[in-house]
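Asker: Provided below for reference: sequence and predicted model.
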Amino acid sequence: RGPNSDNDNEGLVAMMGEEQLEWLKDGLKSSTATWKVISSHDPFGMVTGGPGDSDSFSQGDTRILGRELEVLELLSTIHENNITGVVSITSDVHFTAAVSMSPERAEGGFTAFRELNEFVIGPIHAGSFGPYFMDASFGAQYEYELGPLTLGYARWAGLPPEIFTLQSFGQAAVSEDGTLEIKLIGIDGSVKFEKTLYAPGYDEDDVESAAASPAVFFVSAFIACRFAFIFL
């Protein structure tokens, strides 16, 4: 992993590094699973850390810089090899969110990639911050966000776990035909956000007939049938 201070360089700065990135790409290309779930400590399209200390892949510049060059290579591999069913889950940013990255919104000059859904889970037992700023290089935007700012507090409030409305976990369920349902749930059991993703070739007219498999819970990672997991 390269220094955070170099993440706004025009040249490549490692997050995964060449060996791990190749391992990830090979795993995606060889997988026959309906859903390929990437579980990463760091989000792909969200800015974390401060100026000169961007500690995730992004840094807030619309240009594709530093560690984002690894994301570009990953998204290119998915697109060029026609890999379907790739989903990202992440945590450790101390708020809950659903993010989509779309070539139609990308401002970094690179649009040859498939839309990627990323689900941000937690915290379930820690202080709350954010939501953080987004990076538009790959067209990332929030579909849902829950953090101190959304409840009227300061973005960097660092609210204690006693503010239980900001504590959350996730649930995933896969139907027999491969439909994936993701829910972001408060610790009081209330569903904060849910999204259904359809397997390639699935007929949305048959939604009502799809029988869901047993639900699987996740905090920083989850496991469910028909999934291939690649943990970074």
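Answerer: Looks like it came in fine.

Asker: doesn't residue 187 make contact with residue 170?
Answerer: No - judged on CB atoms under 8 Å, residue 170 makes no contact with residue 187 at a distance of 11.6 Å. Where C-beta positions appear, they are placed from N, C-alpha and C, glycine not excepted.

Asker: what about those two, which has more around it?
Answerer: residue 170 (25 against 15; other CB atoms under 10 Å).

Asker: separation between that one and residue 186?
Answerer: Going from residue 170 to residue 186 by CB to CB, to the nearest Å gives 11 Å.

Asker: How about residue 27?
Answerer: 33 Å.

Asker: what's the answer for residue 114, then?
Answerer: For residue 114 relative to residue 186 (CB to CB), the value is 31 Å.

Asker: Equivalent analysis for residue 66, please.
Answerer: 35 Å.

Asker: the more surrounded of these two?
Answerer: residue 66 (26 against 17).

Asker: What are the phi and psi values at the more buried one?
Answerer: Backbone geometry at residue 66, expressed as degrees, to the nearest 10, gives phi 50, psi -120.

Asker: What of residue 120?
Answerer: phi -110, psi 120.

Asker: Tell me how far it lies from residue 56.
Answerer: 11 Å.

Asker: Need the overlap of contacts for these two.
Answerer: Common neighbours of residue 120 and residue 56, counting by CB atoms under 8 Å, 6 or more residues apart in numbering, are 43, 46.

Asker: Settle it for me: which of those two has more neighbours?
Answerer: residue 120 (29 against 25).

Asker: so what's the residue nearest the centre of the chain up against?
Answerer: Closest residue to the average C-alpha location of the chain: residue 118 at 2.4 Å, with CA atoms, centre = their mean. By CB under 8 Å, 6+ apart, the residues touching residue 118 are 43, 44, 45, 87, 88, 89, 90, 98, 99, 100, 101, 140.

Asker: Where does the first one sit: helix, strand or coil?
Answerer: Of the three states, residue 43 takes coil according to DSSP: H, G, I helix; E, B strand; the rest coil.

Asker: what are the phi and psi angles of it?
Answerer: Given degrees, to the nearest 10, the pair of backbone angles that residue 43 has is phi -70, psi 150.

Asker: What of the last one?
Answerer: Backbone torsions of residue 140, given as degrees, to the nearest 10, read phi -70, psi 140.

Asker: ok, and the closest non-adjacent residue to it?
Answerer: residue 45 (2.7 Å; CB to CB, 6 or more residues apart in numbering).

Asker: Give the burial count for the one you found, as a bare number.
Answerer: 24.

Asker: Is it in contact with residue 98, as I believe?
Answerer: No - counting by CB under 8 Å, residue 45 sits too far from residue 98 to count as a contact (11.7 Å).
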